[in-house]
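Student: sequence and predicted structure are below.
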Amino acid sequence: MPEKAHSRRTKTAPDPARAPGVVRRVLRIDGTNPDVFGSERSFSPELGGHWGADSASRGCYIDFRFKALSPQWPPPWLRPLRWRMHVATIQWGLGAYERFVCGEGNEWLQAAIAGGEHLIEHQHRGGPQDGGWRQFMPMRHTFRVDPPWLSAIAQGEAASLLVRLHMETADERFAESARRALAPLSVPVADGGVLSELNGAPFVEEYPTSPASHVLNGAIFALWGYRDVGVGLGDAEALERFEVLTAALAENLHRWDTGRWSRYDLFPHPVPNTASPAYHLLHIRQLEVLEKLSDHPAIGVTRSRFEDYRRSKACRRKAIAQKVAFRLLVPRNATLAHRLPWSRGAGAKRRGETGPDDLVVLCYHAVSEDWRAPLAVTPGDLDAQLSHLRKRGYRGVTFAEAIAGPGGGMRVAVTFDDGYRSVVRLAQPILEAHGLPATLFLPTDFVGTERPMGWPGIDRWLDGPHADELTPVSWEEARALVESGWEVGSHTCSHPRLTSLDDDRLKAELEGSRAECEQQLGRPCESLAYPYGDVDPRVMEAAMAAGYSAAAAVTAEVGAPAPYRWPRVGVYQVDGGRSFKLKVSRPLRRLQRSHAWGLLDAAVRPVRPRAR
């Protein structure tokens with residue numbers, strides 16, 4: 001039944017879409033996403049008009065044409081990779097394709113194909129996130145998710161788009177990419193994928209949180225990806241998985257039903273996260289599609305109930321009031337969302353559920369008894385430094401383990417740059433005695449050459465009595481380190497200053513070294529250390545695109561550490577007992593991430609050894 005006409009006052013109220021620019025930014029009015037209130041006026045999803053339940057779908061289940069306002073590629077809003085949400089690009093592609101199907105011109109198909117090519121280019125290869133589109137932007141408000149993370153909604157919607165592009169072009173690259181997009185949907189969240197459980201049944205997560213968040217709309221979009229690959233590409237396994245996940249969802253749909261409205265998610269917030277009017281309508285539309293694609297009565301029953309709630313003014317008012325209350329308790333502000341007294345993080349600390357939490361990442365280079373290079377520490381100093389941290393309760397982790405997620409107690413990640421053989425001869429026995437693993441970053445052009453390494457900064461030692469100190473490890477030694485629990489990461493191919501390279505050579509250095517490490521070691525290479533600690537935003541973008549999960553710098557930046565510019569404590573020959581203890585102290589490390597540190601750093605920079 002249609003809603004009643006608005007009153008005179010409502011009719012003459014200003015249209016939010018015509019609000020001044022500053023108001024539009026505050027309310028998040030852009031014509032393609034729900035505004036800050038989640039109103040249907042700002043976001044009213046409708047069913048697509050060119051799909052069928054009995055065959056491969058040419059059109060899209062949800063009409064995303066409102067997401068694609070121009071066939072221009074790239075869209076003007078496409079952000080750098082480190083701030084990009086892939087789902088926005090994917091939905092733009094689906095919208096462009098729907099416009100083509102609706103007869104708006106071949107330029108829209110070309111736009112969708114350009115979007116598909118972009119997805120193929122950025123699809124991750126290797127490791128548990130193989131086939132995924134990795135998000136490098138951390139989530140810091142409603143849910144806490146640390147990069148790089150995957151999203152089931154992006155995986156499923158990308159598969160749906162790529163299948164349709166394959167049907168139009170017969171290009172097998174689109175088919176292969178669509179199949180690969182489904183792989184992370186079967187990888188548990190704890191292993192880097194998006195698969196969790198709900199009441200013992202499988203569930204795919206839009207936000208791979210712990211505890212699970214169970215976002216309804218994202219899971220349904222992901223299910224459609226399975227269905228499209230199954231029907232469009234004749235993949236029986238994908239179609240079976242669609243049936244299994246749909247049945248599991250149908251059995252649990254009542255969990256999103258509050259009795260007056262639908263819930264956006266099932267995460268244990270302080271109060272339930274009631275869906276906004278726009279997302280409640282989206283739930284109705286999605287369930288209407290699922291009702292036609294499957295034969296589970298619970299889907300139709302739930303859809304009918306949700307529609308009844310939507311028609312009720314009383315239910316709508318209560319839902320909006322609950323949404324406002326939720327946003328007061330769980331604000332979008334990243335700082336407040338996890339520090340308010342009722343937040344999960346603050347509550348856990350108040351109840352004593354977590355002990356001290358600290359992470360120290362150390363940066364060493366060579367170890368030698370008599371080489372007086374600034375970058376070489378003595379075995380005795382290394383032993384004393386590690387002993388100091390072990391006595392204070394720090395346990396050892398690799399660099400990749402340290403950056404993989406938040407929390408975890410008192411941890412130290414010991415890293416060695418450059419791959420000097422002295423790390424194997426002298427450092428490994430000391431770390432083994434302390435029960436610590438480490439991470440060794442290798443410049444792959446030099447590994448196994450049995451000749452001294454050389455680049456600006458260490459080449460002055462090539463012709464002297466300590467030239468043998470520059471000998472690199474072999475791949476056999478690197479494999480033995482990995483077998484003993486160490487991590488081996490990339491230090492590029494030739495140890496250049498990355499910020500001085502053009503884009504092509506930068507890509508070659510990062511991708512070539514990662515590929516060589518993976519080939520030689522037989523396992524994914526997830527970590528990178530920037531030579532000389534030399535990094536800028538362009539280099540960070542290239543590291544993300546090359547497939548790394550984290551990258552180590554040296555100096556700290558203002559604010560919280562970032563996974564692709566993670567600061568390390570540089571340890572050099574001059575760092576005796578007191579100097580080392582001061583460097584690893586928590587107060588000094590906090591100071592280094594503050595604005596005040598800039599003035600102090602400028603004063604000591606002339607006498608500080610540089611990372612090589």
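Tutor: It's in. Because the structure is predicted, anything quoted here is derived from the model rather than measured.

Student: going forward, measure contacts and count neighbours with C-alpha atoms only.
Tutor: Noted.

Student: show me the strands in this protein, by range?
Tutor: 139-140, 144-145, 195-198, 201-204, 358-364, 366-367, 376-377, 395-396, 410-417, 439-442, 487-490, 527-529, 550-552, 569-570 (DSSP state E).

Student: closest to Ile153 out of the ones you listed?
Tutor: strand 201-204 (8.6 Å; Cα to Cα).

Student: circling back to that earlier point, may I see the strands of the chain arranged in JSON lines, with distance to Glu243, mean pLDDT and mean neighbour count as well?
Tutor: Conversion of the strands of the chain to JSON lines gives the following (distance: least, Cα to Cα, whole Å; pLDDT from 0 to 100; neighbours: other Cα atoms under 10 Å):
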{"stretch": "strand 139-140", "distance to Glu243": "31", "mean pLDDT": "76", "mean neighbour count": "16"}
{"stretch": "strand 144-145", "distance to Glu243": "29", "mean pLDDT": "86", "mean neighbour count": "18"}
{"stretch": "strand 195-198", "distance to Glu243": "16", "mean pLDDT": "98", "mean neighbour count": "19"}
{"stretch": "strand 201-204", "distance to Glu243": "12", "mean pLDDT": "97", "mean neighbour count": "23"}
{"stretch": "strand 358-364", "distance to Glu243": "44", "mean pLDDT": "95", "mean neighbour count": "21"}
{"stretch": "strand 366-367", "distance to Glu243": "56", "mean pLDDT": "97", "mean neighbour count": "28"}
{"stretch": "strand 376-377", "distance to Glu243": "60", "mean pLDDT": "96", "mean neighbour count": "23"}
{"stretch": "strand 395-396", "distance to Glu243": "44", "mean pLDDT": "94", "mean neighbour count": "22"}
{"stretch": "strand 410-417", "distance to Glu243": "43", "mean pLDDT": "96", "mean neighbour count": "23"}
{"stretch": "strand 439-442", "distance to Glu243": "44", "mean pLDDT": "98", "mean neighbour count": "27"}
{"stretch": "strand 487-490", "distance to Glu243": "40", "mean pLDDT": "98", "mean neighbour count": "29"}
{"stretch": "strand 527-529", "distance to Glu243": "38", "mean pLDDT": "98", "mean neighbour count": "28"}
{"stretch": "strand 550-552", "distance to Glu243": "36", "mean pLDDT": "95", "mean neighbour count": "26"}
{"stretch": "strand 569-570", "distance to Glu243": "51", "mean pLDDT": "94", "mean neighbour count": "21"}
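
Student: out of the ones you listed, which is closest to Ala562?
Tutor: Nearest of these (Cα to Cα): strand 550-552, 8.7 Å.

Student: from the chain's centre, how far out does the closest one sit?
Tutor: Distance, stretch centre to chain centre, for strand 550-552: 13 Å (Cα atoms, centre = their mean, to the nearest Å).

Student: packing partners for it?
Tutor: Applying 3 or more Cα pairs under 8 Å, 6 or more residues apart in numbering; DSSP states H and E, one finds that strand 550-552 contacts strand 527-529.

Student: hmm, who's touching the strand it packs on?
Tutor: 399-400, 417, 441, 489-492, 543, 548-553 (Cα atoms under 8 Å, 6 or more residues apart in numbering).

Student: which of those lies at the shortest distance from Ser39?
Tutor: Ser549 (37.0 Å).

Student: and that closest one, how close does it get to Ser490?
Tutor: Distance, Ser549 to Ser490, by Cα to Cα, to the nearest Å: 12 Å.

Student: look up how far Gln129 lies from Pro563.
Tutor: From Pro563 to Gln129 the distance is 16 Å (Cα to Cα).

Student: what's the burial count for Leu582?
Tutor: Neighbour count for Leu582, taken as other Cα atoms under 10 Å: 13.

Student: tally of neighbours for the residue lying closest to it once chain neighbours are set aside?
Tutor: Spatially, and ignoring its direct neighbours in sequence, Leu582 is nearest to Leu588 (7.0 Å; Cα to Cα, 6 or more residues apart in numbering). For Leu588, the count of nearby residues is 13 (other Cα under 10 Å).

Student: swap in Val424?
Tutor: Val424, neighbours per other Cα under 10 Å, totals 20.

Student: and for the one 5 residues further on?
Tutor: Here the number of neighbours of Pro429 (other Cα under 10 Å) works out to 15.

Student: swap in Asp357?
Tutor: By other Cα under 10 Å, the burial measure for Asp357, its neighbour count, is 12.

Student: what sits against it?
Tutor: Gly407, Gly408, Gly409, Met410, Arg411.
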